[in-house]
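Colleague: I would like to see how this sequence folds:
(one chain, ligands or ions: 2)
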Amino acid sequence: MLKENKHTSSNPFRIAVIGAGPAGIAAAVSAAAMGVEVDWFDKEQRPGGKLNDYHQLFPDREFADQILKDFSGKTEAIEIKKHFGTIVSSIEKVDGNYNLLSNKGIKGSYNAVIIAAGFDFFDARLKEEYGYGMYDHVITSPDLEKMLKTGQEKLKCNGSFPEAMAFVHCVGSRDQQIGINYCSRLCCITGIKQAIEIRELFPSCKVYNFYIDMRAFGSGYEELYRQAQEKYNVQFIRGRVSEASENQQKRIVLKAEDTLMSRPVKVTVDWLVLLVGMVPSCTMVDVENFSCTDQETGFYKQSNPLSGGGLSGQPGIFNAGACGGPMSIPEALASGRSAAMEVWQYLIKR
Ligand SMILES: Cc1cc2nc3c(=O)[nH]c(=O)nc-3n(C[C@H](O)[C@H](O)[C@H](O)COP(=O)(O)OP(=O)(O)OC[C@H]3O[C@@H](n4cnc5c(N)ncnc54)[C@H](O)[C@@H]3O)c2cc1C
Ligand code: SF4
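Modeller: Residues are numbered from 1 along each chain as shown. Ligands and ions are numbered 1, 2, ... in the order given. As a prediction, this is how the structure comes out:
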């Protein structure tokens, strides 16, 4: 439902925020709180971005639904004009302001734009050796989030709850073969959190995490990693899985090398979970002509990564959240707030 913005007549500034995930929520609410008139776009019908499909969130294991409720309290409390169900396809500059082109026509003319269009999950079918899309019991970390959200029955294998499960780290990240060299930063901790959830749900289920390096960088992450080992007895094995195949019972047979012990490992599991990386969103707004994406990663890049200042080469367009690279929810929220502040500084200087 559209809400009329009370600031329209009194406020000289009008901006568009594209994306209503955590970064877009923080950006839209902060800009509106500063008195800026905000038009807010998302291709989905509801705000929340990826959180709508998550179950529990690291590091504190809060339920995503509870956080979404808190977010909607914030967005309902302030006047923002919502254009949900609108896919923004491009941005064009007209007389110093910006118009947005979408499936619902042209909207404009905005003094500034914040792009908070998020990321996509790496397409695990591109790593054929793991059998995603071929074997029923090979799933990705976002698939597992959805299954956990809808209840443990979905995790039954041949009519019984799982006896063994394995996670493979770095699927679609740090991989020269597919040209993705960066670390997605959050898949290690996602794998730790999901392993704990599985051990809690099914205490007799063995859980193996195959990792290359363990990167648990954020506040509370190292503690969760320690808990996974000491309290939940998750088996962390340093080594890359070379092959996954399906046996007659539809269980998955994994071959790997334990690089710490220098010995081959073979395990059979009910489910194989691929911890997929974060890649630039393919539905991301096309501002290609503005050459503001990083050539190597494809994520939007700041004109100055240290001091900010909006998108490279495009005054008046700012980015927030994971469309600028892999980041956590608290980081996306901070990035959204900071983009709103940068927009404000840009507007008052104009
Ligand atoms: C498997 C997995 C689990 C995770 N779990 C956690 C966790 O527990 N805790 C944590 O801190 N972080 C977690 N993260 C990271 C978290 O997903 C991101 O930090 C967060 O989603 C980033 O928010 P965002 O707003 O930048 O992007 P998104 O959440 O991707 O939101 C982007 C929004 O933009 C919209 N959009 C995109 N393109 C367009 C367009 N062209 N027009 C209109 N709208 C558009 C989308 O519909 C979407 O609503 C996880 C990541 C992964 C991969
Ligand atoms: S966070 Fe962990 S799993 Fe993800 S790419 Fe980095 S090292 Fe690999």
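Colleague: helices along the chain, start to end?
Modeller: For the chain, the helices defined by DSSP state H cover 22-33, 64-76, 141-150, 187-201, 221-230, 329-349.
Colleague: okay if I get the ones you listed as a markdown table plus distance to ligand 2 and mean neighbour count?
Modeller: Using the backbone N, CA and C atoms, a C-beta is placed for each residue, glycine as well. Output for the helices of the chain, formatted as a markdown table (distance: least, Cβ to the nearest ligand atom, whole Å; neighbours: other Cβ atoms under 10 Å):
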| stretch | distance to ligand 2 | mean neighbour count |
| --- | --- | --- |
| helix 22-33 | 19 | 28 |
| helix 64-76 | 20 | 14 |
| helix 141-150 | 10 | 18 |
| helix 187-201 | 3 | 23 |
| helix 221-230 | 10 | 16 |
| helix 329-349 | 14 | 19 |
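Colleague: kindly report the residues of the protein close to ligand 2.
Modeller: 169-170, 173-174, 183-185, 187-188, 213, 215, 275, 277 (Cβ under 6 Å from any ligand atom).
Colleague: tell me which two of those residues sit farthest apart.
Modeller: Asp213 and Gly277 (14.2 Å; Cβ to Cβ).
Colleague: looking at the two, which is more packed in?
Modeller: Gly277 (27 against 10; other Cβ atoms under 10 Å).
Colleague: my read: that one touches Ser184, true?
Modeller: Yes: in this structure, Gly277 is within contact of Ser184 by Cβ atoms under 8 Å, at 3.6 Å.
Colleague: find residues that contact each of those two.
Modeller: The contact sets of Gly277 and Ser184 overlap at 122, 172-173, 326 (Cβ atoms under 8 Å, 6 or more residues apart in numbering).
Colleague: nearest to ligand 2, of those residues?
Modeller: The nearest member of the shared contacts of Gly277 and Ser184 to ligand 2, counting by Cβ to the nearest ligand atom, is Ser173 at 3.3 Å.
Colleague: quick one, what contacts that closest one?
Modeller: 122, 180, 182-184, 187, 277-278.
Colleague: so how far is ligand 1 from the nearest residue to it once chain neighbours are set aside?
Modeller: Take Ser173 and drop its neighbours on the chain: the residue closest to it by Cβ to Cβ, 6 or more residues apart in numbering is Gly277, 3.5 Å away. Here Gly277 is placed at a distance of 8 Å from ligand 1 (Cβ to the nearest ligand atom, to the nearest Å).
Colleague: per-residue confidence at Gly277?
Modeller: The per-residue pLDDT reported for Gly277 equals 98.
Colleague: which residues are in contact with it?
Modeller: 121-122, 170-173, 180, 184, 187, 326 are the contacts of Gly277 under Cβ under 8 Å, 6+ apart.
Colleague: out of those residues, flag the one nearest to Arg337.
Modeller: Using Cβ to Cβ, the contacts of Gly277 come closest to Arg337 at Pro326, 18.8 Å.
Colleague: verify the contact between that closest one and Ile189 for me.
Modeller: No: Pro326 is beyond contact range of Ile189, at 11.5 Å (criterion: Cβ under 8 Å).
Colleague: look at the closest residue to Arg199 other than its chain neighbours and say how many residues are nearby.
Modeller: In space, and not counting its chain neighbours, Arg199 is closest to Tyr232: 4.1 Å by Cβ to Cβ, 6+ apart. Per other Cβ under 10 Å, the neighbour tally for Tyr232 reads 17.
Colleague: check what pLDDT the closest residue to Thr297 other than its chain neighbours gets.
Modeller: In space, Thr297 comes closest to Tyr182 once its chain neighbours are excluded; the distance is 5.6 Å by Cβ to Cβ, 6+ apart. If you check Tyr182, the pLDDT there is 97.
Colleague: and the residue of the stretch 201-350 of the chain closest to ligand 2?
Modeller: For the stretch 201-350 of the chain, Cβ to the nearest ligand atom, closest residue to ligand 2: Arg215, 4.3 Å.
Colleague: that older thread, would you turn the helices of the chain into TSV with mean pLDDT and distance to Asn103?
Modeller: Output for these, formatted as TSV (pLDDT from 0 to 100; distance: least, Cβ to Cβ, whole Å):
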stretch	mean pLDDT	distance to Asn103
helix 22-33	97	18
helix 64-76	94	22
helix 141-150	96	25
helix 187-201	98	32
helix 221-230	97	39
helix 329-349	95	24
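Colleague: chain neighbours aside, what residue packs nearest to Gly336?
Modeller: Ala26 (2.9 Å).
Colleague: can you give me the buried ones in the helix or strand bottoming out on mean pLDDT in the chain?
Modeller: Lowest by mean pLDDT, DSSP states H and E among the helices and strands of the chain is strand 308-311, with a mean of 72. For strand 308-311, burial by neighbour count (16 or more other Cβ atoms under 10 Å) applies to 308, 310-311.
Colleague: hmm, Gly108 is touching Tyr98, no?
Modeller: Yes: with contact defined as Cβ under 8 Å, Gly108 and Tyr98 form a contacting pair (6.6 Å).
Colleague: so those two - more neighbours on which side?
Modeller: Applying other Cβ under 10 Å to Gly108 and Tyr98 shows that Tyr98 carries more neighbours, namely 22 against 16.
Colleague: what about Thr268, distance to ligand 1?
Modeller: Thr268 is 25 Å from ligand 1, where distance means Cβ to the nearest ligand atom.
Colleague: how about the contacts made by that residue?
Modeller: Thr268 makes contact with 164, 247, 251-254 under the criterion Cβ under 8 Å, 6+ apart.
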